[in-house]
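Engineer: no FASTA, just this:
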């Protein structure tokens, strides 16, 4: 039997649930003192005791009071757990964590066997010539299959270089096709082009971004959808700043625009931040332009060699 001032069971339950709701709201959306006052009122209501206990019903009332106290403390414990979980959720959605999650999601997407074409623009500073802009295409299909079309200064067409699960290859504008391993490819590209091959493979680029760069979440941005004229893509934007820039040729800054819906990397901008007058690569931009299917042999040298018979193998 409840005392004359003891709230009925249903009312008490409503008070307890209201307290939990107030605690959660206070944790997730902090408000002024009015919120705290509401919690205090709810606690006061829970602490009300009977002013005139019924002696005859004391044993039963005692059991009920004990049950209510147990349930009350269980409610407090549940509320504390919910508040703790909410705090952990808030921490996990901090801007730094969101930045890392965005890059990781793009990395996972780049490892999927989905053909994509990126248009790239490389800006370099050369002796005598000065600033030069080089446009080309990067094709990727998963973590290991890629092909790069790079314009040649010599007559005879473009330079193609790429790789698949078994090998790396180069199809120069003139001369024999080169087939070998990653070391061969990097050596060839460094000697004859302005390319650094690790930064022309989306998976490798995103991996290095997570490992070597401090990541910062920037405001979302809508950019043109180059795969579908007239449309835009809502993107998350993350900036990476190189942790230890001393003594190497890595870019000092990488900016990523990732599709909010799919996580796909839609744009990447690499900035070497060269001082005035210093020669070398200064900027590289990659933009997604197509996700159309490619011929099965596209990532083989045979797709680009034009029937050339002279092949040099180096492993």
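Structural biologist: Happy to help now that I have it. These figures come from a predicted structure and were not determined experimentally.
Engineer: neighbours around the nearest residue to residue 261 once chain neighbours are set aside, how many?
Structural biologist: What sits nearest to residue 261 in space, not counting adjacent residues and going by C-beta to C-beta, 6 or more residues apart in numbering, is residue 234, at 7.4 Å. To be clear about C-beta, it is placed using only N, CA and C from the backbone, and glycine gets the same treatment. When counting by other C-beta atoms under 10 Å, one arrives at 13 neighbours for residue 234.
Engineer: Do you know the pLDDT at residue 234?
Structural biologist: Looking at residue 234, its pLDDT is 98.
Engineer: Verify the contact between it and residue 219 for me.
Structural biologist: No. The criterion here is C-beta atoms under 8 Å, and residue 234 misses it with residue 219 at 11.6 Å.
Engineer: For residue 265, list each beta-bridge partner.
Structural biologist: For residue 265, the residues forming beta bridges with it (DSSP bridges) are residue 258.
Engineer: How about the contacts made by it?
Structural biologist: Residue 265 makes contact with 106, 109-110, 202, 206, 256-258, 288 under the criterion C-beta atoms under 8 Å, 6 or more residues apart in numbering.
Engineer: Next: residue 266.
Structural biologist: By C-beta under 8 Å, 6+ apart, residue 266 lies in contact with 223, 225, 233, 235, 257-259, 287-288.
Engineer: that older thread, the residue nearest to residue 261 falls within a strand, correct?
Structural biologist: Yes. Secondary structure of residue 234 (DSSP: H, G, I helix; E, B strand; the rest coil): part of a strand.
Engineer: The chain should start at 249 in everything you say after this.
Structural biologist: Happy to do that; since the first residue is 249 now, the last one works out to residue 482.
Engineer: Just list the residues touching it, thanks.
Structural biologist: Contacts for residue 482 (C-beta under 8 Å, 6+ apart) come out as 468, 470, 507-509.
Engineer: Ok, residue 556 next?
Structural biologist: Contact partners of residue 556, counting by C-beta under 8 Å, 6+ apart, are 419, 424-425.
Engineer: burial of residue 530, as a residue count?
Structural biologist: Using other C-beta under 10 Å, residue 530 has 17 other residues around it.
Engineer: Could you report the pLDDT at the residue found closest to residue 405 once you drop the neighbours it is linked to in the chain?
Structural biologist: In space, and not counting its chain neighbours, residue 405 is closest to residue 421: 5.2 Å by C-beta to C-beta, 6+ apart. In this prediction, residue 421 carries a pLDDT score of 87.
Engineer: Tell me where the stretch 349-498 of the chain has strands.
Structural biologist: Along the stretch 349-498 of the chain, counting by DSSP state E, counting those that start in this stretch, strands occupy 363-374, 378-389, 393-398, 407-411, 416-419, 425-428, 461-472, 480-490.
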